[in-house]
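In: I'll drop the sequence and a predicted model, then ask my questions.
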Amino acid sequence: MNPPHDTNTERSTSSRADLVCLSHLRWNFVFQRPQHLMTRFASERRVFFFEEPIFDSPRPQLAIRRDGDVRVVVPHLPAGMSGQAHTVNDTLSTLLSDMCAEWSIAAPICWYYTPMALSYGRSIEAGAIVYDCMDELSAFKGAPPELLRLEEQLFDCADIVFTGGHSLWDAKRTRHPRVYPFPSSVDVAHFSKARTIAVDPADQADIPHPRMGFFGVIDERMDIDLIAAVAKSHPDWHLVMLGPCVKIAESSLPRPGNIHYLGMKTYQQLPAYLAGWDVALLPFAMNESTRFISPTKTPEYLAAGRPVVSTPVRDVVRPYGEEGMVAIASTPEEFCDAIARALGADDPAWRARVDRYLSTLSWDRTWSDMRTLCEDALRQRTRALRAETSRRVHLAFADRRSAVRPSGPAAPSMGRADV
């Protein structure tokens, strides 16, 4: 059931267009780019975060809940509908249209995180269409074969396209006239708390030092062999791994005694864990799924004051590696050597360089720039619609005049006669 609401009262609090975000990521998953941006948009307009369906209901319905100012919309569909793509999309389209009617959502910003949502998102009469391409989803494990076809259609209808990093911008910039790179940003105030926290979380407190840590999704992008090699070559080092295991079998994870999988933690808990690490890690595999990634955790680790060691992910190498903020290592031996150099290092010049760079990054600034572009897209669509309406009215008027004009020989002139 939808919560009770007064749409007229809500609409009167802001003249800004509503925003409907169509996402493949769930709101309560890892707190990352969508959550940072949608939370900020919700401070000034209504935001509806529309998730992918859950197949657990006797009939199609939407569950809408509030998380702060964001309305999280979860479609619940019958279990027997799973695997019937056409039926699912038709049903989601109907549910989405019904939601817009019930909540008086008119000409919203339609914000896509996945091209797959275009199959049902077309039911919305959008005021502007945004494609926030935060990852190359087609390179991920289990990507649907139709994703690339739908992405091409999304490029055709989008007003603006954002990319999650510069390498992804390089790959997409020729496919649309308005593509803007917005690499991962950071909430410095939140993660810098790790520099002063002195108490370890209970499940980390008994893990010996030195500690290397990682937080994020543990999936096919993780270099499992690298993690195993580091743990094996230095049994006195302890690796702390935070986050859910997704799309790979947990049984495939290396499990020597000095690797500690502590599970998923909330965004609010992360600084306390970071505070107890000696080095933070970005142990990504170098494969198609990581070719265009721009890890959000890079600036988050640095804001926490942790030295960072990474494999040569392009958007980490540039700028973080090139500017001497992150150590880059390609092989297990290089990775271990870089960790060893980082252990116990206290370089005030490095910290000052990092802090200067981080002062140029913030999710507030990223959101503000995106917001400006969205408002411009809304205005352009409005002008184009008015121009098209005016053109049609003019044509209709011309057609009516033509229809009533007398036929046959021209009537005699009624002007002044020559004398």
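Out: Great, that's in hand. Bear in mind that the values here come from a model prediction, so they are computed numbers and not experimental data.

In: you'd agree residue 199 is up against residue 272?
Out: Yes. Judged on Cβ atoms under 8 Å, residue 199 makes contact with residue 272 at a distance of 7.4 Å. The way it works is simple: take the backbone N, C-alpha and C, and place the C-beta from them, glycine included.

In: and the two? which has more neighbours close in?
Out: residue 272 (17 against 9; other Cβ atoms under 10 Å).

In: Make sure that one is actually in contact with residue 195.
Out: No. Assessed by Cβ under 8 Å, residue 272 is found out of contact with residue 195, at 11.8 Å.

In: which neighbours do the two share?
Out: By Cβ atoms under 8 Å, 6 or more residues apart in numbering, residue 272 and residue 195 have no common neighbours.

In: And the next helix or strand past the helix or strand of the chain with the lowest mean pLDDT?
Out: In the chain, the helix or strand scored least confidently by mean pLDDT, DSSP states H and E is helix 7-12, which has a mean of 41. Helices and strands here follow DSSP states H and E; after helix 7-12, the next one along the chain is strand 19-22.

In: Which strands border that next one, and is each parallel or antiparallel?
Out: In the sheet, strand 19-22 lines up against strand 47-50 (parallel), strand 109-112 (parallel) (DSSP bridges).

In: Dump these into JSON lines; add mean neighbour count and distance to residue 220 as well.
Out: Formatted as JSON lines, those follow (neighbours: other Cβ atoms under 10 Å; distance: least, Cβ to Cβ, whole Å):
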{"stretch": "strand 47-50", "mean neighbour count": "25", "distance to residue 220": "26"}
{"stretch": "strand 109-112", "mean neighbour count": "26", "distance to residue 220": "23"}
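
In: residues contacting residue 265?
Out: 215, 242, 243, 273.

In: so it, which of the three states?
Out: When classified by DSSP: H, G, I helix; E, B strand; the rest coil, residue 265 comes out as coil.

In: Roughly how far does it sit from residue 281?
Out: Per Cβ to Cβ, to the nearest Å, residue 265 is found 16 Å from residue 281.

In: what do you get for residue 163?
Out: 25 Å.

In: ok, now residue 263?
Out: 17 Å.

In: swap in residue 178?
Out: 36 Å.

In: Looking at those two, which one has more neighbours?
Out: Just comparing residue 178 and residue 281: by other Cβ under 10 Å the higher neighbour count belongs to residue 281, 26 against 14.

In: give me the element that one is part of.
Out: Assigned by DSSP H and E, residue 281 belongs to strand 279-282.

In: quick one: average confidence on that strand?
Out: Averaged across strand 279-282, pLDDT comes to 98.

In: helices and strands around it, which ones?
Out: Applying 3 or more Cβ pairs under 8 Å, 6 or more residues apart in numbering; DSSP states H and E, we find strand 279-282 packed against strand 211-215, helix 297-303, strand 308-310, helix 332-342.

In: would you list these in a markdown table and tack on mean pLDDT?
Out: Output for the helices and strands packed on strand 279-282, formatted as a markdown table (pLDDT from 0 to 100):
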| stretch | mean pLDDT |
| --- | --- |
| strand 211-215 | 98 |
| helix 297-303 | 97 |
| strand 308-310 | 98 |
| helix 332-342 | 97 |
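
In: For residue 32, find the nearest of those.
Out: helix 297-303 (9.0 Å; Cβ to Cβ).

In: which parts of that closest one are buried?
Out: Within helix 297-303, the residues scored as buried using 16 or more other Cβ atoms under 10 Å are 297, 298, 299, 300, 301, 302, 303.

In: how about stretch 211-229: buried residues?
Out: Quick answer for stretch 211-229 (16+ other Cβ under 10 Å): 211-223, 226-229.

In: how about low-confidence regions in the stretch 1-150 of the chain?
Out: 1-14 (pLDDT under 70).

In: Serialize the strands paired with strand 19-22 to a markdown table and add fields for distance to residue 40.
Out: What follows is those, written out as a markdown table (distance: least, Cβ to Cβ, whole Å):
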| stretch | distance to residue 40 |
| --- | --- |
| strand 47-50 | 9 |
| strand 109-112 | 12 |
